[in-house]
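Trainee: Give me a model of this one.
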Amino acid sequence: MVRALIFAGGTGQRMNSRSKPKQFIEIHGKPILIYTLEHFEYHEEIDDIIVVCIEEWMERLSGFLHRFGISKVSEIVPGGPTGHDSIYNGLVALRNRANPDDIILIHDGVRPLITDELITSNIKSVKEYGNSITVEPTRESVIISKDGSLALDAPPAHQMYVSKAPQSFYYKDIIEVYDKASEDGIKSIDSAHLLSIYDMPMQMVRSSKNNSSERKIFLELLNSAGNSFKNCFPHDTLNSSALSTSHDQGYIAFSQLWIIYLKLSLA
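Mentor: Numbering: from 1, shown residues only. Coordinates of the predicted model:
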């Protein structure tokens, strides 16, 4: 069985999203989290979805799932104080019903710009290699520093990649490393970071090129949020007079979607 574990337990503090968590901010009448879930809902190889959610928003999430026809979600699990904790909560919730060889795709609920091809590639990679991490080549030089002051190294750009999502595993392997981290008191940025701490091998899955339909979807989302932008991106190319006073949608549009759009435009 192939399962998706979608973590959406964050409160969006970096987005200054005070009234609503960023994953529930609506763009074009639909929460960002639902856009993400739809990719897994409609993918023929995904059998089950687990969502890790802010506890206070679990009931509202149930309503959104019903409203938008998301039927593969079998369980909503309370999130934890960090992304690491939220992922572990979701994995623990699967302990009594997941088979050791079930494939688990871990994905961030506020990253809706993925493709069916990328999901398929992750599943295939786990079957062939085991632990699989979606990556994207870096477009800029990366500096290594131990103290945040002295630059120790600038590795060749062609050797450097950014970890993305989904990050995919056999259930037996990923629950084992999170159990070990719990025993050792270790918390990680993401699953790739955790596996690197324990020197576990990972196969890279190249992030798929965003096709024209994906770009079109993004532009439609960006357009629909256009009238709610706030002056929160000082060097943007949009006319600031067209921006309104909504902090919520403005921050998510620029801090999440606008950055992604710039990356797509340069791809």
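Trainee: hmm, which helix or strand of this protein has the shakiest average pLDDT?
Mentor: None of the helices or strands of the chain scores lower by mean pLDDT, DSSP states H and E than helix 247-252, at a mean of 44.
Trainee: can you give me the strands for this protein?
Mentor: Listed in chain order, the strands of the chain (DSSP state E) span 2-8, 26-27, 30-31, 48-53, 73-78, 103-108, 132-137, 161-170, 203-206.
Trainee: Pick out the shakiest of the ones you listed, pLDDT-wise.
Mentor: For those, mean pLDDT drops lowest on strand 26-27, to a mean of 82.
Trainee: Remind me what it packs against, helices and strands.
Mentor: Strand 26-27 sits against helix 212-225, helix 247-252, with contacts defined as 3 or more CB pairs under 8 Å, 6 or more residues apart in numbering; DSSP states H and E. Any C-beta I mention is one placed from the backbone N, CA and C, and that applies to glycine too.
Trainee: Any idea which of the ones you listed has the lowest pLDDT on average?
Mentor: helix 247-252 (a mean of 44).
Trainee: Quickly note the distance from the residue nearest to the spatial centre of the chain to residue 27.
Mentor: Residue closest to the average C-alpha location in the chain (CA atoms, centre = their mean): residue 108, at 2.2 Å. Distance, residue 108 to residue 27, using CB to CB, to the nearest Å: 16 Å.
Trainee: quick one on the thing from earlier: want to throw the strands of the chain into TSV with distance to residue 119?
Mentor: Below are the strands of the chain laid out as TSV (distance: least, CB to CB, whole Å):
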stretch	distance to residue 119
strand 2-8	8
strand 26-27	22
strand 30-31	20
strand 48-53	12
strand 73-78	16
strand 103-108	7
strand 132-137	10
strand 161-170	7
strand 203-206	10
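Trainee: Now for residue 156, how many residues are close by?
Mentor: Using other CB atoms under 10 Å, residue 156 is surrounded by 8 other residues.
Trainee: please renumber so the chain begins at 55
Mentor: Shifting the count to begin at 55 puts that one at residue 210.
Trainee: Against residue 196, how distant is it?
Mentor: Distance, residue 210 to residue 196, by CB to CB: 10 Å.
Trainee: Equivalent analysis for residue 229, please.
Mentor: Noted for residue 229: a distance of 31 Å to residue 196, by CB to CB.
Trainee: Tell me how many other residues crowd the residue lying closest to the residue nearest to the centre of the chain once chain neighbours are set aside.
Mentor: Residue nearest to residue 162 in three dimensions, not counting chain neighbours: residue 219, with 5.2 Å by CB to CB, 6 or more residues apart in numbering. Neighbour count for residue 219, taken as other CB under 10 Å: 23.
Trainee: Find the nearest non-adjacent residue to residue 116, please.
Mentor: Distances taken as CB to CB, 6+ apart place residue 130 nearest to residue 116, at 6.6 Å, with adjacent residues excluded.
Trainee: Enumerate the beta-bridge partners assigned to the closest residue to residue 129 other than its chain neighbours.
Mentor: Take residue 129 and drop its neighbours on the chain: the residue closest to it by CB to CB, 6+ apart is residue 104, 5.3 Å away. For residue 104, the beta-bridge assignment (DSSP bridges) gives partners residue 59, residue 129.
Trainee: Roughly how far does residue 104 sit from residue 61?
Mentor: In terms of CB to CB, residue 104 sits 9 Å off from residue 61.
Trainee: what sits in contact with each of these two?
Mentor: residue 144 (CB atoms under 8 Å, 6 or more residues apart in numbering).
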